[in-house]
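*Asks:* What shape does this take:
(chains A and B)
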Amino acid sequence: KAGVTQTPRYLIKTRGQQVTLSCSPISGHRSVSWYQQTPGQGLQFLFEYFSETQRNKGNFPGRFSGRQFSNSRSEMNVSTLELGDSALYLCASSRDREGKRNSPLHFGNGTRLTVT
Amino acid sequence: DAKTTQPNSMESNEEEPVHLPCNHSTISGTDYIHWYRQLPSQGPEYVIHGLTSNVNNRMASLAIAEDRKSSTLILHRATLRDAAVYYCILLSSYSGAGSYQLTFGKGTKLSVIP
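*Replies:* Residues are numbered from 1 along each chain as shown, chains lettered A, B, ... in the order given. Next up, the predicted model:
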C-alpha cells in the first residue's frame, strides 16, 4: 500500500507570492490533516478535512487555506507569503470513520517551503 | 487544549531498554494517548497508541498510569535507528467539529550511544 505522498518536496518562493501544496492520502483514508513545522514552534496543527469538509482548524491566519477533493486528495494554499512562512509542511491521513477517531496518523515526508 | 509534557532530551546505550515519560495531567476520558517519532528529514512515524490498558506492538510498549495522567513509551532494546524525536500527543476519540486540538509540543530527542 502506498504511503502519504506530498508534492513538491521542495519549493522556493518570494515574499508576496502564493503557493499550493498537494497531499495524496493512503487509499481509503478520508481524514487529511495539515501541519506546519518550524524549529522555533515545533509541529503546529493547521486544519483537518474529512469527506471534503473542513472539520477542524488551528490558529493560523486566513492566508492559510485548504480543500479536499472527492478522492480525498487535499491541497493547502498560502497566499501573500511572508518570510515567517518558511517551514516544513506536513500532511497526515487516517482512516477515521464519521464521528469517531481512533486511528493512527500516517504522515508524508513533507514539503520544505523557503520564502525569500 | 489537552497538553503533554516530555523531557527535552534523553540518552540511552545501544541494546539497553529506554523508558520515555510523558505527563498529561489534563487528559479527558475520551483522549487516546499516541506516540510518534520523527527521524531527520522525514515526517513523523506512528509508534503506538492506547486508551487505558498497556499496549504492545512490534516496535514498542506503552505503559499507561492507572489515573491516565502519565504514560511511558518503552523501547525494549534501543538501536541506533531508534535515535529520533519522540512525540507524545493526545487525540480525542470524538471527531466532530472543534474536537481536533492537536498539540505536538517539542518532544524528546533520544540519542543512542553505540
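*Asks:* what's in contact with stretch B:105-114?
*Replies:* A:42, B:3-14, B:18, B:20, B:38, B:78-80, B:82-89 (CB atoms under 8 Å, 6 or more residues apart in numbering or on different chains). The C-beta positions use only the backbone N, C-alpha and C, and glycine is treated the same way.
*Asks:* Buried subset of those residues as a PyMOL selection?
*Replies:* A single PyMOL command selects the buried members of the contacts of stretch B:105-114 (16 or more other CB atoms under 10 Å in any protein chain shown):
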select buried, (chain A and resi 42) or (chain B and resi 4+6+10+12+18+20+38+78+82+83+84+85+86+87+88+89)
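*Asks:* How about the residues of chain A by chain B?
*Replies:* Within reach of chain B by CB under 8 Å from any CB of the partner chain, chain A has these residues: A:4, A:31, A:33, A:35, A:42-45, A:48, A:50, A:55-56, A:58, A:90, A:92, A:96, A:98-102, A:104-110.
*Asks:* Please pick the buried ones from these.
*Replies:* Taking 16+ other CB under 10 Å as the criterion, what is buried in the residues of chain A next to chain B is A:4, A:31, A:33, A:35, A:42-45, A:48, A:50, A:55-56, A:58, A:90, A:92, A:96, A:101-102, A:104-110.
*Asks:* Next one, pLDDT for the nearest residue to B:Ser93 once chain neighbours are set aside please.
*Replies:* Closest residue to B:Ser93 in three dimensions, ignoring its sequence neighbours and counting by CB to CB, 6 or more residues apart in numbering or on different chains: B:Thr30, at 4.6 Å. Model confidence at B:Thr30, given as pLDDT, is 84.
*Asks:* what about the helices in chain B?
*Replies:* Under the criterion DSSP state H, chain B carries no helices.
*Asks:* Where does pLDDT dip in it?
*Replies:* Within chain B, the segments meeting pLDDT under 70 span B:1-2, B:94-102.
*Asks:* One more pass at 90, please.
*Replies:* Applying pLDDT under 90 to chain B picks out residues B:1-3, B:26, B:28-31, B:40-41, B:90-106.
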